[in-house]
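# Okay, here's the prediction I keep looking at, along with the sequence it came from:
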Amino acid sequence: MQAIVNISLKEGVLDPQGRAIARSLGDLGFSEVNDVRVGKQILLDVDETDPARLRQRVARMCETLLSNTVIEDYSIDIADET
Amino acid sequence: MTLSSLVSLRVAITVFPGSNCDRDMMVAVERLTNRRPALVWHKEANLEPVDLVIVPGGFSFGDYLRCGALAARSPIMSAVMDHAARGGAVLGVCNGFQVLTETGMLPGVLIRNSGLRFSCRMVRLETAETMPSPFTAGLTAGQSLDIPVAHNEGNYFADEDTLYRLQDNGQIAFRYVAGSAEGPANPNGAARDIAGILSNNGRVMGMMPHPERAISPLHGSSDGATLLSKSLEALMS
């Protein structure tokens, strides 16, 4: 099964990269952009058939390694929960 | 500079793929102690008894995922955490500081420099008034040190509660202050101008500047040698 982890910076954590992108977008005429925050997506292909168990394991992975919970939030999507 | 009394001091330096200040640190410590520190590969799960572990600067595991994240989960770091849990002293420099925050041995995290630029230059540090710690015992509060930084993610971040706690407990070891000829005081936007912090028992220190790069007048400063030798002396006594 495939799990998709989305990692984003917590509110209040400075994102200088996002700020630079926002400024560039403004320069390119996208003046409607107020703010940009950059995150990352991690795709995991996992030997697991039970979506609930997969979700639980991936949450453990996020807490253990994939995210730094001091500055980052994470969310998990399971690709084919059918 | 060599202090012959330090020859019995046992120092280990961890080495990860992508570390690039391990050798410089080894040279610096050997000059000060007359004894070569042990270089310990990241896959080692055991650490011989030592007086100080140094986690050096560099780009461990290519800074993949987050700076220091993969190194923090390597076998040797479990052994370093055990060493620290027994009250052992640990110094993390630059990427080593990032590794120590990723293990949770030190609070907070080092994020991207606020100016988005790699910062590589001399900075001036002011020694803060700290809790008892071997890393500041030989320095006086207010003492300034010129030591270079070289990093892209040195912007110290922690929530306000943590910052107040660090301040109240005397866990802030060094702050960036004005006086360096090469640019603004704070090279990376670090909260409270923090350049280095201590663990809550004072035995673990992380700092962004590189003391091993300021050990000779040819480096433009010997203040790194002062910091290291005072720390080593304090660990001997």
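Received the coordinates, thanks. All figures in this text were calculated on a predicted structure; none of them were measured in a lab.

# Show the average pLDDT along the longest helix seen in chain B.
Ranked by residue count, the top helix of chain B under DSSP state H comes out as helix B:223-236. Averaging pLDDT along helix B:223-236 yields 96.

# how about stretch B:74-91: buried residues?
B:74, B:76-77, B:79-81, B:83-84, B:88-91 (16 or more other C-beta atoms under 10 Å in any protein chain shown). Every C-beta, even on glycine, is put in place using the N, C-alpha and C of the backbone.

# try stretch A:49-68
For stretch A:49-68, a neighbour-count test (16+ other C-beta under 10 Å) marks A:54-55, A:57-58, A:61-62, A:66-68 as buried.

# Nearest to chain B among those?
Minimum distance to chain B across these is 5.8 Å, recorded for A:Asn68 (C-beta to the nearest C-beta).

# Which strand or helix spans that closest one?
Following DSSP states H and E, one finds A:Asn68 outside all helices and strands.

# quick one: contacts for it?
B:66, B:69, B:102, B:109 (C-beta atoms under 8 Å, 6 or more residues apart in numbering or on different chains).

# Just list the residues touching the nearest residue to the second one once chain neighbours are set aside, thanks.
Distances taken as C-beta to C-beta, 6 or more residues apart in numbering or on different chains put B:Glu102 closest to B:Ala69, at 5.1 Å, once the chain neighbours are dropped. The contact partners of B:Glu102, by C-beta under 8 Å, 6+ apart, come to A:68, B:66-69, B:71-73, B:109.

# so where do the helices sit in the chain?
You didn't pick a chain, so chain A it is. A:16-27, A:51-61.

# oops, chain B please
Using DSSP H, helices in chain B cover B:22-33, B:69-72, B:75-85, B:95-103, B:160-169, B:223-236.

# which one of those helices lies closest to B:Gly183?
Nearest of the helices of chain B to B:Gly183, taken as C-beta to C-beta: helix B:223-236 at 17.4 Å.

# In PDB, please show the C-alpha coordinates belonging to the closest one.
Extracted as PDB, the C-alpha positions of helix B:223-236 are listed here (Å, rounded to 0.1, in the frame of the first residue of the first chain):
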ATOM      1  CA  ASP B 223      39.600  32.300  20.600                       C
ATOM      2  CA  GLY B 224      38.400  28.800  19.600                       C
ATOM      3  CA  ALA B 225      41.500  27.400  21.200                       C
ATOM      4  CA  THR B 226      40.700  29.300  24.300                       C
ATOM      5  CA  LEU B 227      37.200  28.000  24.400                       C
ATOM      6  CA  LEU B 228      38.300  24.400  23.800                       C
ATOM      7  CA  SER B 229      41.300  24.400  26.200                       C
ATOM      8  CA  LYS B 230      39.200  26.000  29.000                       C
ATOM      9  CA  SER B 231      36.600  23.300  28.400                       C
ATOM     10  CA  LEU B 232      39.100  20.500  28.400                       C
ATOM     11  CA  GLU B 233      40.700  21.900  31.600                       C
ATOM     12  CA  ALA B 234      37.400  22.000  33.300                       C
ATOM     13  CA  LEU B 235      36.700  18.400  32.300                       C
ATOM     14  CA  MET B 236      40.000  17.300  33.800                       C
END
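
# Can you point out the buried residues in it?
B:223-235.

# Put together a markdown table for the helices of chain A, with distance to A:Asp73 and mean pLDDT on each row.
Compiled in a markdown table, these are given as follows (distance: least, C-beta to C-beta, whole Å; pLDDT from 0 to 100):
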| stretch | distance to A:Asp73 | mean pLDDT |
| --- | --- | --- |
| helix A:16-27 | 15 | 94 |
| helix A:51-61 | 12 | 97 |
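
# so which of these gets nearest chain B?
helix A:16-27 (4.9 Å).

# residues making contact with that closest one?
A:9, A:33-38, B:112-116, B:189.

# My guess is B:Phe118 contacts B:Glu153. True?
No - under the criterion of C-beta atoms under 8 Å, B:Phe118 is not in contact with B:Glu153, lying 9.5 Å apart.

# Settle it for me: which of those two has more neighbours?
B:Glu153 (22 against 13; other C-beta atoms under 10 Å in any protein chain shown).

# where does chain B have low pLDDT?
Within chain B, the ranges that satisfy pLDDT under 70 run B:1-4.

# Settle this for me: B:Phe59 is touching B:Asn20, isn't it.
Yes - here B:Phe59 reaches B:Asn20: they are 6.8 Å apart, a contact under C-beta under 8 Å.

# So between those two, which is more surrounded?
Counting neighbours by other C-beta under 10 Å for B:Phe59 and for B:Asn20 shows that B:Phe59 has the greater number, 21 against 15.

# Please list all residues in contact with that one.
Applying C-beta under 8 Å, 6+ apart, the residues near B:Phe59 are B:18-20, B:67, B:95.

# Fine by me, thanks again.
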